[in-house]
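S.K.: Fold the following and give me the result.
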Amino acid sequence: VFLAVNHIDNFNQRDEIYDFYSLGLGDPYPISAVHGLGVGDLLDDLVEKLKNELSSSDKNENLEDDSIKIALIGRPNVGKSSIFNRLIKENRSIVSDVQGTTRDSIDAQFSTKEGQTFTITDTAGIRRSGRVIEKTEKYSVLRAQMAVEKADAVAVIIDAQAGIREQDKHIAGIATEKGRAVLIVVNKWDAIEKNNYTMKDFTDLIRDEFKFLDFAPILFVSAKTSQRIDLIPDTAAAIDENHKKRIKSSDLNQAIIDALAIHPTPTRNGKRLRVYYATQVSVAPPTFVIFVNDPDLMHFSFQRYLENQIRDNFDFSGTPIVLRIRERK
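M.R.: From the prediction side, this is the model:
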């Protein structure tokens, strides 16, 4: 902020600027727009400041391009800001029991001991649309969705004490709709009374409730005690690698041939599905095209079977994969 005090048309009026220090905006610049007095000094400082800001921005942008981007999303008060602060080792985000403390997405960068750089985004808690009344909160939700679109990996944060809510599934659905790599982070694990089966039972519950995220790894953490927090960036890096993985067509087709040998293709009205060829056409998420004689013969259950066979042969944990069925001309 540069505070310019106009109408200082001669040097005898310069004493009039001292009252403007009370605004708390730094040194006032006495200027006269009519005569051009003092404008040069203001522009010199302004341009110098812009040079420094642009230089710093370029450095940060280049650094961010090489980093793995992680977005933290979830309901209000599940501990996103606490996890954010733990990972960057600073109290950048305000942590409070009051819902809606985080109003906008906040970015920060940190590096692991191995030298891998991450850009992590703390987003505002997403409530059910019927409860979102304020325009500010609607903007916050929009910013959270934008953070998901830009992220390489999305961490869906769940409150272990509150359990799984329908809104958790809706929020996780935002990540899968955008085709992002996903990990599920169960926070406040320190506050749960445990026995030998607690983690397994909770894992089974998540798998049952989040059937559409059966590929996502699950981490049980505590932002309060830092328990297993350091696994979040390592897991995000692993699923980001899977998200951008390419498979050779020869290896892919061999896996498809083996799958067809185990489970014959379905038939309809006496006509059997024939699978000719498969190839990967894109990454992030990995997308495969399978050429067949008639796409209508490809039943959903058999397509799901082929997807599972691809996952069994290649490590695609943490990332959705897309199968597109095409007729071979």
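S.K.: what's the helix or strand for Leu219?
M.R.: Using DSSP states H and E, the element containing Leu219 is strand 218-220.
S.K.: Output the contacting helices and strands for that strand.
M.R.: strand 181-187, helix 198-209, helix 231-243 (3 or more Cβ pairs under 8 Å, 6 or more residues apart in numbering; DSSP states H and E). In this view, the C-beta of every residue, glycine as well, is placed from N, C-alpha and C.
S.K.: buried set for the second one?
M.R.: In terms of neighbour count (16 or more other Cβ atoms under 10 Å), helix 198-209 has its buried residues at Phe202, Ile206, Glu209.
S.K.: okay if I get the residues you listed as a markdown table plus pLDDT?
M.R.: Output for these, formatted as a markdown table (pLDDT from 0 to 100):
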| residue | pLDDT |
| --- | --- |
| Phe202 | 96 |
| Ile206 | 97 |
| Glu209 | 95 |
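S.K.: From these, pick the one nearest Val221.
M.R.: Phe202 (12.5 Å; Cβ to Cβ).
S.K.: Spit out the contact partners of the closest residue to the closest one other than its chain neighbours.
M.R.: Closest residue to Phe202 apart from its sequence neighbours, by Cβ to Cβ, 6 or more residues apart in numbering: Val186 at 6.7 Å. By Cβ atoms under 8 Å, 6 or more residues apart in numbering, the contact set of Val186 is Ile158, Ala160, Phe202, Ile206, Ile218, Leu219, Phe220, Val221.
S.K.: Neighbour-wise, which one of those residues leads?
M.R.: Ile158 (27 neighbours; other Cβ atoms under 10 Å).
S.K.: quick one on the thing from earlier: any idea which of the helices and strands packed on strand 218-220 gets closest to Phe110?
M.R.: The nearest among those, by Cβ to Cβ, is helix 231-243 at 7.9 Å.
S.K.: Tell me which stretches of the stretch 201-329 of the chain form helices.
M.R.: Using DSSP state H, counting those that start in this stretch, the helices of the stretch 201-329 of the chain run over 231-243, 249-262, 300-313.
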